[in-house]
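Visitor: got a sequence here, can you model it:
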Amino acid sequence: MNIVTRLNQLMEKGESICLATVIASKKANIAVGAKAIVFGDGSMEGNLGTEQSDLRARDLALTSLNEKKCRAVEI
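Guide: Presented below is the predicted three-dimensional model:
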């Protein structure tokens with residue numbers, strides 16, 4: 001299933017979610033365009049390339065969900 005279809009399913013169900021997307025990277029193991037869906041409970045679908053980047057993105061996504069704000073951040 002592609003990510004857009006999955007996001008639509010989750011939004012239709014009223015899930016609290018955040019889409020984390022890599023928009024720039026200097027590291028070979030973190031690809032531009034990598035995406036992960038972060039749920040309000042901290043669980044994730046997908047990954048951004050490294051455990052460290054996933055954990056940081058999860059923490060930032062949870063903050064964004066709690067504040068109900070979009071943001072671009074550097075990890």
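Visitor: now His7. Nearest residue, chain neighbours left out?
Guide: Just to correct that, residue 7 is Leu rather than His. Nearest non-adjacent residue to Leu7, counting by CB to CB, 6 or more residues apart in numbering: Leu19, 6.5 Å away. To be clear about C-beta, it is placed using only N, CA and C from the backbone, and glycine gets the same treatment.
Visitor: what about the residue nearest to Gly46 when sequence neighbours are not counted, distance to Lys69?
Guide: Among residues not flanking Gly46 along the chain, Ala36 sits closest, at 3.8 Å (CB to CB, 6+ apart). Counting by CB to CB, to the nearest Å, the separation of Ala36 from Lys69 is 18 Å.
Visitor: who has more neighbours out of these two?
Guide: Taking other CB atoms under 10 Å, Ala36 and Lys69 do not tie; Ala36 has more neighbours (21 against 8).
Visitor: tell me the secondary structure at the more buried one.
Guide: Put simply, Ala36 is strand when judged by DSSP: H, G, I helix; E, B strand; the rest coil.
Visitor: what about Asp54, neighbour count?
Guide: Neighbour count of Asp54, defined by other CB under 10 Å: 19.
Visitor: okay, buried residues for whichever strand or helix holds it please.
Guide: Secondary structure assignment for Asp54, by DSSP states H and E: helix 51-67. Neighbour counts over helix 51-67 (16 or more other CB atoms under 10 Å) mark Ser53, Asp54, Arg56, Ala57, Arg58, Leu60, Ala61, Leu62, Ser64, Leu65 as buried.
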